[in-house]
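**Student:** kindly generate the corresponding structure for this input.
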Amino acid sequence: MAKQNDNEPSWRVLARAFKALGGIKVVSFDLNLSFPLVRKWQAEPPSADCPEGSGARNPLDRVNEIRKSADAAGVPEAGAAVIRWLATQAGYRLVRMAALPKTADGVLLETVAAAKEGGDVSGVVKDALEDGRITMAEAQTIHKEIGEAIEQLRRLGMAVDKVKE
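**Tutor:** Take a look at the predicted model:
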């Protein structure tokens with residue numbers, strides 16, 4: 001499958017995915033949905049720019065609407081939780097891209113934050129092992145800290161990519 005453009009409309013993403021999966025017939029059969037409905041998901045919907053569009057709101061648009069509603073309600077984490085769940089089901093972890101640094105000083109700050117997160121992991125593991133075993137609650141805390149450290153390392157990698165020449 002071709003590399004995705006981050007600003008690509010959802011209907012194009014679905015059209016490319018459906019093609020890779022063997023076509024609309026295969027997808028509609030797998031989802032137990034009508035062929036015309038699934039076909040509309042991969043067509044450009046009507047808009048001010050394209051009033052002749054024949055598409056319909058698709059599942060990607062609807063998930064994005066949940067995210068936007070959560071943002072508007074002041075609970076962006078609720079929308080992010082839906083997207084994070086979907087990413088986890090597919091075997092991915094999300095990294096928040098907001099406010100990535102664009103300078104070498106910013107990369108240094110991200111490096112310090114990554115080192116701090118690594119230190120947090122070491123600290124909770126050390127505390128958990130004081131009695132020679134790890135409880136369920138301690139394991140949950142360790143996994144939480146590991147997740148935060150991984151996310152910070154990914155942010156560092158993305159920051160490096162932003163400032164590279």
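
**Student:** buried stuff in the lengthiest helix in the chain?
**Tutor:** Taking DSSP state H as the criterion, the chain has its longest helix at helix 136-163. Residues 138, 141-142, 145-146, 148-149, 151-156, 159 are the ones in helix 136-163 that count as buried (16 or more other C-beta atoms under 10 Å). C-beta coordinates here come from the backbone N, C-alpha and C atoms, glycine included.

**Student:** so can I have TSV of the residues you listed showing pLDDT?
**Tutor:** Formatted as TSV, those follow (pLDDT from 0 to 100):
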residue	pLDDT
138	96
141	96
142	96
145	95
146	95
148	90
149	94
151	87
152	91
153	93
154	88
155	88
156	92
159	88
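
**Student:** and of the residues you listed, the nearest to residue 118?
**Tutor:** Distance to residue 118, by C-beta to C-beta, is smallest for residue 149 among the buried residues of helix 136-163, at 5.4 Å.

**Student:** touching, that closest one and residue 115? I think so.
**Tutor:** No. Between residue 149 and residue 115 there is no contact under C-beta atoms under 8 Å: 9.6 Å.

**Student:** ranges for the helices of the protein?
**Tutor:** For the chain, the helices defined by DSSP H cover 10-21, 24-31, 35-41, 59-72, 76-89, 104-128, 136-163.

**Student:** let's have these in JSON lines, adding distance to residue 96.
**Tutor:** Below are the helices of the chain laid out as JSON lines (distance: least, C-beta to C-beta, whole Å):
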{"stretch": "helix 10-21", "distance to residue 96": "20"}
{"stretch": "helix 24-31", "distance to residue 96": "30"}
{"stretch": "helix 35-41", "distance to residue 96": "28"}
{"stretch": "helix 59-72", "distance to residue 96": "12"}
{"stretch": "helix 76-89", "distance to residue 96": "8"}
{"stretch": "helix 104-128", "distance to residue 96": "13"}
{"stretch": "helix 136-163", "distance to residue 96": "8"}
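
**Student:** which residues touch the residue sitting nearest the centre point of the chain?
**Tutor:** Residue closest to the average C-alpha location in the chain (C-alpha atoms, centre = their mean): residue 94, at 4.1 Å. Neighbouring residues of residue 94 by C-beta atoms under 8 Å, 6 or more residues apart in numbering: 80, 83, 84, 87.

**Student:** closest one to residue 49 among the helices of the chain?
**Tutor:** Closest to residue 49 of the helices of the chain, according to C-beta to C-beta: helix 10-21, at 13.1 Å.

**Student:** any idea how far the residue of the chain most remote from its centre lies from residue 26?
**Tutor:** For the chain, the C-alpha farthest from the mean C-alpha position belongs to residue 131; by C-alpha atoms, centre = their mean, that distance is 37.5 Å. As defined by C-beta to C-beta, to the nearest Å, residue 131 lies at a distance of 55 Å from residue 26.
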